[in-house]
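Asker: sequence unknown, structure follows:
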């Protein structure tokens, strides 16, 4: 683009942002009322100035002349003070709205990580209960005890998928989060021999995918749990618990369907919180990079996605 067009383009973008902000504020009844008051005050000031210029006033250095001049000065200061107060009020409202949005993003992030950690805990216990992985078996007690716990976490992701659209537009990169696809032994066994690529979806879509992945395991439990014997162990293969077997033993798929999605969503959510807390684009990205660098240097350890602790 020609350099001579850059100022025009910058002015156009600036006016576009201002118009969009004005349009957003106009939807607020309080702001509309203040704007009407400001408009009436400006009209009154213009009317007074016109009258003062059109009608012959008192002669200078007289009491009526001084009173009129003081009145006009007071009116002018009041109008200026009104606009200053209005702008201060708008800035405070924007700060409060930003704080409320940050609180919502932070609550979303905390709830998502808690659910993810719960899923990992259930998966680890289930893997221990069904060992060995070469011929996994399970008892009715373990299956009936752990799968309802997984169902609770699946419902949390269902709730997150519903609330994600409320914050998605305010999250940096929330509409396009890229994650590597799965390519493990189960994918090869089903004829999916394509080169592992990446899938780019929104925050909402990733939450829906995680919920759907967990729902397949829970739905299998709803169908087959009644066929487990009350005593002894039974093979997962004999019960045709294919989704449960994949959930437990296809680590690559679990990472692609859950862990990598969580990691990338945590990045965009934490980056947004860091930027709105005063960190710039470079500083927010740099903080995450520094944490990862400290992990490589054995100074910190990442106990789980987004959870860093000092290495003992």
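Answerer: All right, it came through fine. What you see is a predicted model; the values in this text were computed from it and never measured.
Asker: What is the burial count for residue 259?
Answerer: 18 (other C-beta atoms under 10 Å). For every residue, glycine as well, the C-beta is placed using N, CA and C.
Asker: what about residue 179, is that helix, strand or coil?
Answerer: At residue 179 the chain is in strand, as set by DSSP: H, G, I helix; E, B strand; the rest coil.
Asker: What is the burial count for it?
Answerer: 21.
Asker: again with residue 238
Answerer: 9.
Asker: quick one, phi psi at residue 241?
Answerer: phi -90, psi 70 (degrees, to the nearest 10).
Asker: contacting residues around it?
Answerer: Contact analysis of residue 241 by C-beta atoms under 8 Å, 6 or more residues apart in numbering lists 138, 220, 224.
Asker: Ok, residue 139 next?
Answerer: Here residue 139 is in contact with 129, 228, 232, 233, 234 (C-beta under 8 Å, 6+ apart).
Asker: just checking, the second one touches residue 234?
Answerer: The one in question is residue 228. Yes. Using C-beta atoms under 8 Å, residue 228 is in contact with residue 234, at 6.0 Å.
Asker: What segments of the protein are strands?
Answerer: Using DSSP state E, the strands of the chain run over residues 137-139, 177-180, 198-201, 233-235, 300-304, 307-310.
Asker: hey, least reliable of those by pLDDT?
Answerer: Mean pLDDT per stretch puts strand 307-310 lowest among these, at a mean of 64.
Asker: Tell me the helices and strands packed up against the top helix by length along the chain.
Answerer: Looking across the chain with DSSP state H, the single longest helix is helix 63-130. Packing partners of helix 63-130 (3 or more C-beta pairs under 8 Å, 6 or more residues apart in numbering; DSSP states H and E): helix 29-54, strand 137-139, helix 140-163, helix 165-168, helix 242-249, helix 260-276, strand 300-304.
Asker: Hmm, residue 206 and residue 157 touching each other?
Answerer: No. With contact defined as C-beta under 8 Å, residue 157 and residue 206 do not form a contacting pair (9.7 Å).
Asker: Tell me how many other residues surround residue 140.
Answerer: 17.
Asker: ok, now how distant is it from residue 146?
Answerer: Separation of residue 140 from residue 146 (C-beta to C-beta, to the nearest Å) stands at 11 Å.
Asker: just residue 73 next, same as before
Answerer: From residue 73 to residue 146 the distance is 78 Å (C-beta to C-beta).
Asker: And these two? Which one has more around it.
Answerer: A count of neighbours by other C-beta under 10 Å puts residue 146 above the other of residue 73 and residue 146, at 18 against 10.
Asker: Do I have it right that that one meets residue 128?
Answerer: No. In this structure, residue 146 is not within contact of residue 128 by C-beta under 8 Å, at 10.3 Å.
Asker: Could you list the single helix or strand in the chain with the lowest mean pLDDT?
Answerer: In the chain, no helix or strand scores lower on mean pLDDT, DSSP states H and E than helix 185-189, which sits at a mean of 49.
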